[in-house]
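next come a sequence and a model predicted from it.
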Amino acid sequence: MESSGRALQPPPAGAVAYEGTWRFTAPALDSSVPRVRHAVRDLVRRQGAPVSTEVMDGLLLIVSELVTNSVRHAALLSPELGVEMSIGSGWVRVAVEDGHPYRPKALAADPALEHVGGRGLLLVKAVCAEFAGTCDVEQTAAGGKVIWACLPLWAPAPA
């Protein structure tokens with residue numbers, strides 16, 4: 001993986017030290033899934049961001065699903081994927097970009113278990129909903145897509 005290794009710009013005045021945005025690339029290979037997941041986990045820890053254990057688990061699941069989707073479905077047209085990680089004063093955001101133009105849709109749950117795969121984006125949406133976060137898919141200027149998810153640093157209190 002190739003990484004800038006530093007925030008793209010210094011945090012604005014009054015911001016906390018852990019805030020910033022980092023970008024890196026990874027090959028569209030199965031081996032990139034755990035490598036990107038570990039890179040994200042290590043970045044959050046290194047920055048000292050106060051991410052709750054529950055949110056960190058959800059974030060790492062999201063990262064795994066988004067990178068897996070790019071590796072499985074976009075590698076032919078996009079041999080490299082981009083990852084952007086941002087941490088703000090109350091949130092954490094991860095985005096995975098590839099060069100494939102297809103915009104995926106979350107498939108419905110399959111109670112009959114007729115299909116064993118294809119539920120990655122559904123899982124991402126479920127994790128975002130659980131933590132009162134959000135996610136979306138956007139086209140890039142180059143014709144590919146970026147799928148992102150944003151979560152609060154702390155899990156909301158149960159109702």
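Happy to help now that I have it. Since the structure is predicted, the reported quantities are computational estimates derived from the model, not experimental observations.

got any ranges where the protein has weak pLDDT?
When residues are selected by pLDDT under 70, those of the chain lie in 1-15, 105-118, 159.

what about Gly90, neighbour count?
Counted with other C-beta atoms under 10 Å, residues neighbouring Gly90 total 9. Heads up, the C-betas are built off the backbone N, CA and C, glycines and all.

the one 5 residues further on now?
By the measure other C-beta under 10 Å, the count of residues near Ala95 is 20.

how about the residue nearest to Ser52 when sequence neighbours are not counted, phi and psi?
Computed as C-beta to C-beta, 6 or more residues apart in numbering, the closest residue to Ser52 that is not its neighbour in sequence is Trp154, at 4.7 Å. As for Trp154, its main-chain torsions (degrees, to the nearest 10) stand at phi -120, psi 140.

same thing with Lys125?
The phi/psi pair for Lys125 (degrees, to the nearest 10) reads phi -60, psi -40.

who is the most centrally placed residue in the chain paired with across the strands?
Geometric centre of the chain, nearest residue: Val94, 3.5 Å, by C-alpha atoms, centre = their mean. Taking DSSP bridges, one obtains Met85, Ala149 as the residues bridged to Val94.

that one contacts Val63, correct?
Yes. Using C-beta atoms under 8 Å, Val94 makes contact with Val63 at a distance of 5.6 Å.

name the residues contacting each of those two.
Taking C-beta atoms under 8 Å, 6 or more residues apart in numbering as the criterion, Val94 and Val63 both touch Val40, Val83.

how about the residue nearest to Ser52, what does it touch?
In this structure, Trp154 makes contact with Pro50, Val51, Ser52, Val55, judged by C-beta under 8 Å, 6+ apart.

that one and Phe131, how far apart?
Here the distance between Trp154 and Phe131 works out to 9 Å (C-beta to C-beta, to the nearest Å).

go on, Tyr18?
On the measure of C-beta to C-beta, Tyr18 and Phe131 end up 19 Å apart.

just Leu61 next, same as before
Taken as C-beta to C-beta, the spacing of Leu61 relative to Phe131 amounts to 11 Å.

look at those two and report which has more neighbours.
In terms of neighbours (other C-beta under 10 Å), Phe131 is the more surrounded of Leu61 and Phe131; the figures are 21 against 17.

what about the spatially closest residue to the more buried one that is not a sequence neighbour, neighbour count?
In this structure, Phe131 finds its nearest non-sequential neighbour in Leu151, 4.9 Å apart by C-beta to C-beta, 6+ apart. The criterion is other C-beta under 10 Å. On that basis, Leu151 has 26 neighbouring residues.
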